[in-house]
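J.: What would the 3D arrangement of this be:
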Amino acid sequence: MAGQQDATSIADFEKSLDELETLVRNLEQGELSLEQSLSAFERGVKLTRACQQTLKSAEQRVEQLVQNGDGTLEARPLSPDDAS
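T.: Now for the predicted structure:
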């Protein structure tokens with residue numbers, strides 16, 4: 001069940017990202033009316049927030065595999081300090 005939910009989240013993220021890219025392209029072309037531009041901007045903000053939340057959730061699920069002193073392996077959450 002979790003695998004299906006993950007696949008849905010990934011698909012939703014990719015769909016949102018594609019829509020956001022389209023909105024940005026349309027805004028950059030400068031051919032939208034002021035009202036259309038404001039609407040596109042508002043939609044873009046919502047999509048950005050949704051994408052950021054999805055990324056934050058994914059980041060919290062990432063783990064690192066650590067070798068203990070006795071040679072055994074242990075999964076631990078990846079801390080921001082470990083990413084660099």
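J.: make it CA atoms for all contacts and neighbour counts henceforth
T.: Will do.
J.: To which secondary structure element is the most centrally placed residue in the chain assigned?
T.: Centroid-nearest residue in the chain: Leu55, 3.2 Å away (criterion: C-alpha atoms, centre = their mean). Here Leu55, judged by DSSP states H and E, is contained in helix 34-61.
J.: starting at the chain centroid, how far to that helix?
T.: In terms of C-alpha atoms, centre = their mean, to the nearest Å, the centre of helix 34-61 is found 9 Å from the chain centre.
J.: so how far is the strand or helix carrying Glu21 from its chain's centroid?
T.: Here Glu21, judged by DSSP H and E, is contained in helix 2-29. Helix 2-29 sits 9 Å away from the centroid of its parent chain (C-alpha atoms, centre = their mean).
J.: and the angle for it with helix 34-61?
T.: Relative orientation of helix 2-29 versus helix 34-61 (axes from the mean of the first three to the mean of the last three C-alpha atoms, to 10 degrees): 150 degrees.
J.: could you give the mean pLDDT of helix 2-29?
T.: Mean pLDDT, computed over helix 2-29, is 87.
J.: Ok, stretch 35-42 next?
T.: For stretch 35-42, the per-residue pLDDT averages 97.
J.: Check stretch 60-79 too.
T.: Average pLDDT, stretch 60-79: 76.
J.: starting at the chain centroid, how far to it?
T.: 24 Å.
J.: Same question for it: list its buried residues.
T.: Residues of stretch 60-79 include none that count as buried (16 or more other C-alpha atoms under 10 Å).
J.: which residues are in contact with that stretch?
T.: Contacting residues not belonging to stretch 60-79 are not present [C-alpha atoms under 8 Å, 6 or more residues apart in numbering].
J.: ok so, going back, how about the helix holding Leu55: buried residues?
T.: 37, 40-41, 44, 47-48, 50-51.
J.: Give the helix, strand or coil label for the residue of the chain positioned farthest from its centre.
T.: Going by C-alpha atoms, centre = their mean, the residue of the chain most distant from its centre is Asp70, 37.1 Å out. The three-state label given to Asp70 by DSSP: H, G, I helix; E, B strand; the rest coil is coil.
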